[in-house]
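Novice: Based on what follows, work out the 3D shape:
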Amino acid sequence: ANDVRLLEASKEIALLAKRGTHGVPTDERNIVFKLWSVFGIFLVLRVLLLAAWKRDYCPKTKDSSFASFYMALSTLQWVAYIFGYYLLYETLTQFTITPVLQVAAPTMDT
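Specialist: Model prediction:
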């Protein structure tokens, strides 16, 4: 059993060496860059929202609406980070998620 696992591991290392990574997983989908982009975009949106709130660019908008938009931006950013974390985890650990049905249909024994 150990020989089979060693053979599979050596095939995987040889495949990675062909790609030039030498066994070290890389961020091929540029997830880290995308997460930094999310950070930058949401930072700019928050600054614009705070400026509009402070300078009273929208006089008919209530303060509570500005606060709720600010919290919504924080929530959306957090969801993007969680999504990116799991994508990055899957990419760097080469862990694949395969959904499995864990509920069996009831059978009637007669």
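Novice: can you point me to the longest helix in this structure?
Specialist: Longest helix of the chain, by residue count under DSSP state H: helix 63-93.
Novice: list the buried ones in that helix?
Specialist: 66, 69, 73, 77, 80, 84, 88, 91 (16 or more other Cβ atoms under 10 Å). Where you see a C-beta, it was placed from the backbone N, CA and C, and this is true even at glycine.
Novice: Count the neighbours of Thr26 for me.
Specialist: 11 (other Cβ atoms under 10 Å).
Novice: any idea how far it lies from Phe33?
Specialist: Taking Cβ to Cβ, to the nearest Å as the measure, Thr26 falls 13 Å from Phe33.
Novice: hang on, isn't Ala80 packed against Leu35?
Specialist: Yes - with contact defined as Cβ atoms under 8 Å, Ala80 reaches Leu35; the gap is 7.5 Å.
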